[in-house]
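Student: Okay, here's the prediction I keep looking at, along with the sequence it came from:
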Amino acid sequence: MKFAELIDENVEELAILDSIDAGKLFSTGKIIDIPQAANTVRYYAGAADKIHGEVLKMSREFHGYTLREPIGVVGHIIPWNFPSTMFVAKVSPALAAGCTMIVKPAEQTPLSALFYAHLAKLAGIPDGVLNVITGFGPTAGGAISSHMDIDMVSFTGSTDVGREIMQAAAKSNLKTVSLELGGKSPLVIFDDADVEMASSLALIGILYNKGEICVSSSRVLVQEGIYDEFTKKLKEKMEAWAVGDPFDPKVQQGPQVDKRQFEKIQSYIEHGKREGATLLTGGKPLGNKGYYIQPTVFADVKDDMLIAQDEIFGPVMALMKFKTIEEAIQRANNTRYGLAAGIITKDLNVANTVSRSIRAGIIWINCYFAFDRDCPYGGYKQSGFGRDFGMDALYKYLQVKSIATPLYNSPW
Ligand code: TXE
């Protein structure tokens, strides 16, 4: 609770650090990321004294019960796109579970992690419990995933690195692994949707945090009856979107995190053009200084195009037209990922059918990005396994011990 209080007292500093490091909007850091980080810490602080096992219904001769014990030493390897959110999402349930831990922030964004460690110390968390080690992936991250004395690694990042971490865990001490990986999330918009609302959700879904968010709505499937009207509105809104200095309160999109990401996004844009998708808007860097990219939409995207299959992690949307609900479900699932999905419809039957048919860990109906500290967050398929947030995240840092004792005289 004290740690959460200190985060609240340092909202501006933390938001500034994340903006400097990642190009994130200072305003959203100050209003959303950092206050929510404090609330997440508070949520798990409240859970810390509510961890208990069960009394077992063993055969009549035994009294049996389970204990939930901390899994041990945890290595958290986190990415750069939400440095504060990721830090607290990993650290606070592990602390509540009674684990000790080492956090390795991404090399692009180490500053807020170091500041959180400082605040944790001020809050009275004993030395050695919460440790932060900065460094690069293959060296510092690799040392964590292959370490013989680390009991678990909790990772958020790319699918390729997730694979490497699993291999390192298997080759070392078989540590428990939790992976939150990439996504290519569909937003499915049906004919009965309010086009104004649907186009705004699609816009935010791809442009929030400059598209550097694993649950971005990077594939937008629109039913044919409203496709033309939707496309027109979306284009207008995209072209009015303000890109620039993340400290300017009027700006809605800052620069991409670094040169590598900036170049990766551009190479996908070039791919989209070569693959024959229609460039509806954007498609170029913005200005000649800094890693800014125009909000970009490709229309007429086919499922097998690279821009429909790979995680671009930037402000680039793949727009598709569909006819029937069956086609929408089949195409929404036509991806190796399974992190999130959105559905926009007024028809409850359609919403229920589609939400149960899409293989993804989070489904948003008539909304998008409905995050909450109480809402488990994680993937199906190659988006990984294990959950952050909610009580599921607490349980992943705990292991179950069964204890049995004869109830009366020993049966043997
Ligand atoms: O991620 P990496 P990168 C996706 C997104 C992005 C792509 C590449 O598509 O364009 O990944 O980003 C550490 N052993 N996501 O290269 O490399 C690294 O130091 C152990 C999706 O930045 O996965 C950092 O701390 N650790 C994603 C963390 O892993 C290693 C968020 C993430 O970096 C390591 C970020 C290794 N061998 C990128 N190599 C999401 N799911 O939100 C790197 N790391």
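Tutor: Perfect, thanks for sending it.
Student: Run a quick neighbour tally on residue 124.
Tutor: 8 (other Cβ atoms under 10 Å). For every residue, glycine as well, the C-beta is placed using N, CA and C.
Student: Leaving out the residues flanking it, which one is nearest to it?
Tutor: residue 2 (6.2 Å; Cβ to Cβ, 6 or more residues apart in numbering).
Student: and that neighbour, how many residues sit next to it?
Tutor: 14.
Student: do residue 209 as well
Tutor: By other Cβ under 10 Å, neighbour count at residue 209 equals 21.
Student: need the contact list for it.
Tutor: If you count contacts by Cβ atoms under 8 Å, 6 or more residues apart in numbering, residue 209 has them with 24, 28, 81-82, 216.
Student: Pick the one among the residues you listed closest to residue 366.
Tutor: Comparing these against residue 366 with Cβ to Cβ picks out residue 216 as the nearest, at 17.9 Å.
Student: Report the separation between that closest one and the ligand.
Tutor: 10 Å (Cβ to the nearest ligand atom, to the nearest Å).
Student: pLDDT at that residue, what is it?
Tutor: If you check residue 216, the pLDDT there is 98.
Student: Is it in contact with residue 186, as I believe?
Tutor: No. Between residue 216 and residue 186 there is no contact, the gap being 11.0 Å when judged by Cβ atoms under 8 Å.
Student: Please list only the buried members of the contacts of residue 209.
Tutor: 24, 28, 81-82, 216 (16 or more other Cβ atoms under 10 Å).
Student: As TSV, the contacts of residue 209 with secondary structure would be great.
Tutor: Below are those laid out as TSV (DSSP: H, G, I helix; E, B strand; the rest coil):
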residue	secondary structure
24	coil
28	helix
81	coil
82	coil
216	coil
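Student: Show me which residues of this structure are close to the ligand?
Tutor: 77-81, 104, 106-107, 136-138, 141-142, 145, 156-158, 161, 164-165, 180-182, 214, 261, 264, 311, 313 (Cβ under 6 Å from any ligand atom).
Student: Output the below-cut-off pLDDT ranges for this protein.
Tutor: 410-412 (pLDDT under 70).
Student: Quick check, central residue of it?
Tutor: residue 214 (5.1 Å; Cα atoms, centre = their mean).
Student: Can you classify the spatially closest residue to it that is not a sequence neighbour as helix, strand or coil?
Tutor: Ranked by Cβ to Cβ, 6+ apart and with sequence neighbours excluded, the top spatial neighbour of residue 214 is residue 183, at 4.7 Å. Classification of residue 183 using three-state DSSP returns coil.
Student: quick one: contacts for residue 183?
Tutor: Counting by Cβ under 8 Å, 6+ apart, residue 183 makes contact with 214-216, 218, 311, 337-340, 379, 383.
Student: if we take these, which one ends up nearest to the ligand?
Tutor: residue 214 (3.2 Å; Cβ to the nearest ligand atom).
Student: Is the closest one in a helix, a strand, or coil?
Tutor: coil.
Student: What of residue 66?
Tutor: Quick answer, by three-state DSSP: residue 66 is strand.
Student: so what's it bridging to?
Tutor: Residue 66 has these beta-bridge partners by DSSP bridges: residue 402.
Student: now it: how far from residue 57?
Tutor: Counting by Cβ to Cβ, to the nearest Å, the gap from residue 66 to residue 57 is 12 Å.
Student: who's more crowded, those two?
Tutor: Taking other Cβ under 10 Å, residue 66 and residue 57 do not tie; residue 66 has more neighbours (14 against 8).
Student: show me the residues around that one that make contact.
Tutor: 53-54, 56, 400-403.
Student: hmm, which of the residues you listed are the buried ones?
Tutor: residue 53.
Student: just checking, residue 101 is part of a helix?
Tutor: No. According to three-state DSSP, residue 101 belongs to no helix; its state is strand.
Student: show me the contacts for it.
Tutor: Residue 101 neighbours (Cβ under 8 Å, 6+ apart): 73-76, 90-91, 94-95, 129-131.
Student: now with 10 Å?
Tutor: 72-76, 90-91, 94-95, 128-132, 150, 152, 154, 397 (Cβ atoms under 10 Å, 6 or more residues apart in numbering).
Student: Quick check: beta-bridge partners of the closest residue to it other than its chain neighbours?
Tutor: Nearest non-adjacent residue to residue 101, counting by Cβ to Cβ, 6+ apart: residue 74, 4.4 Å away. Assessed by DSSP bridges, residue 74 has beta-bridge partners residue 101, residue 152.
Student: how close does residue 74 sit to the ligand?
Tutor: In this view, residue 74 and the ligand are 14 Å apart by Cβ to the nearest ligand atom.
Student: for residue 376, same thing?
Tutor: Counting by Cβ to the nearest ligand atom - residue 376 and the ligand are separated by 15 Å.
Student: For that residue, list the residues it contacts.
Tutor: Neighbours of residue 376 in contact, by Cβ under 10 Å, 6+ apart: 361-362, 386-393, 395-396.
Student: Please check the residues you listed and keep the buried ones.
Tutor: Going by neighbour count (16+ other Cβ under 10 Å), these have 361-362, 386-391, 393, 395-396 buried.
Student: Next, format those residues as CSV and append secondary structure.
Tutor: What follows is the buried ones among the contacts of residue 376, written out as CSV (three-state DSSP):
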residue, secondary structure
361, coil
362, strand
386, coil
387, coil
388, strand
389, coil
390, helix
391, helix
393, helix
395, helix
396, helix
